[in-house]
Each structure stands twice: as structure tokens, then as C-alpha cells.
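Trainee: give me coordinates for this.
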Amino acid sequence: MFVIPAIFVGVIWAVYWFEIQFGFNFNKYGVFPRTVKGLRGVFLTHFIHCDTKHLFNNSIPLMVLLSAVLYFYREIAFKVIVYGALLTGFFTWIIARDSYHIGASGIVYLLFSFVFFSGILRKHYRLIALSLIVIFLYGSMIWYVLPIEEGMSWEGHLSGFLVGLFFAVFYKNRGIVKEEFQFSASEIDTFFDEDGNFIENTDES
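Mentor: Presented below is the predicted three-dimensional model:
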């Protein structure tokens, strides 16, 4: 469960170390909206970070949320993560300002949104509990889908949030869902008469 999140976080740290160690700047490989060249960022943006603070702020929620999705939604986890990351990058390419947009925060918002809304939609007590934990830990993130801080790609955050909501709705019947209790045929015959009325048990032996 933790291996894949650890590998992903390790890769983005390795990319950043490589930049620092050899004097590269990979920002130009991020998403640059509405240009053909900027489309490469749809695939690469999630691995590029501008500084240590940016990288560290994404690393912990990535570990937590990736692990949660892989554990509780294992049947659809890779589709949500891979397709979701690509769609997040693509929507950022469509709606964002003319600037390079980088960082894995789009995936963080994708996973946050997916986990929260999936738990609510599925009405399963374990997943609802997970949703509440996620909103408790990262609920303040919701403000950053709005342009409230200079130099932050709120468009990437908003794209990830909306894609996560879409996948929560699209996959709401896949994986763990609320189980409705149903009586077996023998239980129906035992507890209900032919008119469907409940038979009260008066046997006190």
C-alpha cells in the first residue's frame, strides 16, 4: 500500500535533487496553457517543483492520499490516479493563465476531492469516516481553488478538484458500496405472513 506512494514521492524528490545538483530548471516543461509545446506539461508537470517548500508541502498529502486511494479503492485506484492526473493537467492547459504551471498539487486536489466525495456518495460507514478524516486534515485546502494567493496555480488546484469530483460520481458504483440488508426466503416465511404483515414472536420458551 505504501510502496507506490513512496516511489512516486521519491521520484519527484529525485527530479528536484537533479535540478539543484546539476543546475537545471525544468519549469519550462510544465503546463503552458493553449500552446502545442505546453501540452508536454500535461504529462510532466506533476514531477516538477519550484522549491523545497513547494515539494515538501505536496509530499506528505501525496503519501497519505495515495495510500488511502490504493487501500480503499484498489479496484479503480490506478485509473483514478493515472487518468485523473492527465485530465487535471489537460484542464489546467485549457483554463489557466499564460504561465508555466508546475507541481503535484493538482494530484493532491484530485485525490482529496475523490476521497471526500466518494465516501459521501457511497454511504459506506468506513468511507464516510475516511472522508471526515480527510476533510479534518486537509479541509483548508479548499480555499486554494480560488485566486487568493499570488504565484500559486489555483487553476491546477481547481482542475484537480473538479476531476476528482467527476471520478467520484463516475465510479460511485465500483468497489466498496453500501450494502442493503435483504431477508432470505426462509426469513421472509418465518417473520412475515402471506399479506406481508410482521408476525410477532410470542414464544417465551
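
Trainee: contacts for stretch 69-88, please.
Mentor: Applying Cβ atoms under 8 Å, 6 or more residues apart in numbering, the contact partners of stretch 69-88 are 1, 4-5, 42-43, 46, 66, 106-107, 109-111, 114-115, 118, 126-127, 130, 156, 159-160, 163-164, 166-167, 171, 174-176. C-beta: built from backbone N, CA, C; applies to glycine.

Trainee: need the buried ones from those selected in ChimeraX.
Mentor: The ChimeraX selection below is limited to those of the contacts of stretch 69-88 classed as buried (16 or more other Cβ atoms under 10 Å):
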select :5,42,46,66,106,107,109,110,111,114,115,118,127,130,156,159,160,163,164,166,167,171,175
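
Trainee: in strands only, show me the contacts of stretch 69-88.
Mentor: Among these, DSSP state E puts none in strands.

Trainee: in helices only, show me the contacts of stretch 69-88.
Mentor: Counted as lying in helices by DSSP state H, out of the contacts of stretch 69-88, are 4-5, 42-43, 66, 106-107, 109-111, 114-115, 118, 126-127, 130, 156, 159-160, 163-164, 166-167.

Trainee: doesn't Leu158 make contact with Gly106?
Mentor: No - the pair Gly106 / Leu158 is not scored as a contact, 9.2 Å apart, by Cβ atoms under 8 Å.

Trainee: just the helices from this structure, written as ranges.
Mentor: 3-22, 41-44, 52-72, 77-95, 105-122, 125-138, 154-170, 185-191.

Trainee: ranking the ones you listed by burial, who's on top?
Mentor: helix 105-122 (a mean of 26; mean count of other Cβ atoms under 10 Å).
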